[in-house]
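Peer 1: Need a 3D model of the sequence below.
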Amino acid sequence: MTAAVVLTPVSAPVADHVLVVALDGALDYTNAERLRQDVEAALGEERRELVLDLTLLNFCDSTGIRILLSVRKLLQERNGTVTLAGLNPRLARIFRTTGLINAFAVAPGLAEAVDMVGARSTPR
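Peer 2: Down below sits the predicted model:
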């Protein structure tokens, strides 16, 4: 049995068009769709940048990856991006092996991810 994934807003010095959240637990077929709904609700209509702190995410299956890609597509339609922060070695290997590491902006930690988003985006 897989533990639920928990989405937690993170307080960070970012512009209003940026959402920063942390994922904790395991992202798999049992909870991926719910996560997508929660992320889309948190993004609302106005946000176009998402930073996902994955430091505490200990598992992600193909359904979870599909959800991350669907959120990426939504933000691309808004001329935005998804930045992944804190990929553990196992998740980083999966993303590198599948080539999906190139589909996202990736930072070693949350502070670096927030800096990346701030450097590349200004409110439009």
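
Peer 1: So, low pLDDT: which residues of this structure?
Peer 2: For the chain, the stretches with pLDDT under 70 are 1-3, 121-124.

Peer 1: one more time with 50, if that's ok
Peer 2: The chain contains residues with pLDDT under 50 at 1.

Peer 1: Can you show me the strands along it?
Peer 2: 6-9, 18-27, 49-60, 81-85, 105-107 (DSSP state E).

Peer 1: what's the longest one in contact with?
Peer 2: When you say that, I think you mean strand 49-60. Under the criterion Cβ atoms under 8 Å, 6 or more residues apart in numbering, residues 2, 5, 10, 12, 14-15, 17-28, 39, 43, 68, 71, 75, 80-88, 91, 94, 109-110, 113-114, 117, 121 lie in contact with strand 49-60. The way it works is simple: take the backbone N, C-alpha and C, and place the C-beta from them, glycine included.

Peer 1: Buried among those residues? Need that as a selection in ChimeraX.
Peer 2: With 16 or more other Cβ atoms under 10 Å as the criterion, this ChimeraX line picks the buried residues out of the contacts of strand 49-60:
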select :5,12,14,17,18,19,20,21,22,23,24,25,26,27,28,39,43,68,71,75,80,81,82,83,84,85,86,87,91,94,110,113,114,117,121
